[in-house]
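Q: Below is the sequence, then the predicted model.
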Amino acid sequence: MSKHRGVTARERTRRASTRRPVRRILVLCEGEVTEPGYFRALRAALRNPLVDIEVEGRGEGPKTLVERAALRKKTSDRHARKERDAYLAYDEIWCVFDVDEHAKLADARQQARDNGIELAVSNPCFELWALLHFQSQTAFLERHTARIKLKEHLPAYDKSLPFERLWPGYIDAVRRATHLERRCEERGCPGDNPSTGVHRLTERMGGARLRLTTAGNDSRHPDIPPLKSL
């Protein structure tokens, strides 16, 4: 029996080499400041040796963002095949954007599905994810209201999020976001307001490492089941 049965060629390549991390993730953000700044701070805090994370933000709309993600995916896959180096390909590419009133949001979602691109969409905006570090939010929320609520906890907030103020509430944010996502799905309206998929990305980045450091908060929300570690 082959010792490689059930193991892909890519996995065999990675097992044979220890020169690079296990997983490569590319994060493309709609915003130029808030989202990229948050994910870069998270990357620095995690210091996860098993994940190589690239973060970019160019101020693009959802459809343009997904188109660029699809192109980056094809380019990296082609380069990996040419060089016979599986590590050159991205394992996951995520697009991070808000719902707002984007006219081509449905097209962006479909294009992402067609090209294997992951989405972390916030409705109404990314500030909802930040707000969930401090409080629950189940009622309909407008963008400007989200910012007002967030400034109640972070009075100096403008565009940059102070990560050191957010990370102690990370476990609460993940559970609250999971609860919102599950509630929307149960009501047959996934992605409805309020909801965010940012927690799925942060967990893929290695968020379990932050959850371990904030485990003392674990009993605050007994109605929300704990997430499984990656």
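A: Arrived safely, thanks for sending.

Q: For Gly116, see how far away Pro36 is.
A: Going from Pro36 to Gly116 by Cβ to Cβ, to the nearest Å gives 22 Å. C-beta coordinates here come from the backbone N, C-alpha and C atoms, glycine included.

Q: err, Ser76, not the other one
A: When distance is defined by Cβ to Cβ, Ser76 is 12 Å away from Gly116.

Q: Which of these two has more residues huddled nearby?
A: Using other Cβ atoms under 10 Å as the criterion, Ser76 and Gly116 rank with Ser76 on top: 17 against 11.

Q: contacts for the host helix or strand of the more buried one?
A: Element membership for Ser76, per DSSP states H and E: helix 62-83. Contact with helix 62-83 is made by 26, 28-30, 60, 86-90, 93-95, 97, 102, 104-105, 107-108, 111-112, 115-117, as judged by Cβ atoms under 8 Å, 6 or more residues apart in numbering.

Q: Using CSV, write down the CA coordinates of that helix.
A: This file holds the C-alpha atoms of helix 62-83, laid out as CSV (Å, rounded to 0.1, in the frame of the first residue of the first chain):
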residue,chain,number,x,y,z
PRO,A,62,-17.1,44.6,-4.3
LYS,A,63,-17.2,43.6,-8.0
THR,A,64,-13.8,45.1,-8.8
LEU,A,65,-12.4,43.6,-5.6
VAL,A,66,-13.6,40.1,-6.5
GLU,A,67,-12.4,40.4,-10.1
ARG,A,68,-8.9,41.3,-8.8
ALA,A,69,-9.1,38.4,-6.4
ALA,A,70,-10.0,36.0,-9.1
LEU,A,71,-7.1,37.3,-11.2
ARG,A,72,-4.6,36.9,-8.3
LYS,A,73,-5.8,33.4,-7.7
LYS,A,74,-5.3,32.4,-11.4
THR,A,75,-1.9,34.1,-11.5
SER,A,76,-0.6,32.4,-8.3
ASP,A,77,-1.9,29.0,-9.4
ARG,A,78,-0.2,29.4,-12.8
HIS,A,79,3.0,30.5,-11.2
ALA,A,80,2.9,27.6,-8.8
ARG,A,81,2.5,25.1,-11.6
LYS,A,82,5.2,26.6,-13.7
GLU,A,83,7.7,26.6,-10.8
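
Q: can you list contacts of the helix or strand following that helix?
A: Past helix 62-83, further along toward the C-terminus, the next helix or strand under DSSP H and E is strand 92-98. Residues lying outside strand 92-98 but in contact with it, judged by Cβ under 8 Å, 6+ apart, are 23-31, 35, 39, 61-62, 65-66, 69, 72-73, 108, 112, 116-126, 143, 198, 201, 204.

Q: Now do strand 92-98 against helix 62-83, angle only.
A: With axes from the mean of the first three to the mean of the last three Cα atoms, to 10 degrees applied, the angle from strand 92-98 to helix 62-83 works out at 170 degrees.

Q: What strands line up against strand 92-98, and which way round?
A: strand 23-29 (parallel), strand 118-123 (parallel) (DSSP bridges).

Q: Pull out the buried residues from that strand.
A: Glu92, Ile93, Trp94, Cys95, Val96, Phe97, Asp98 (16 or more other Cβ atoms under 10 Å).
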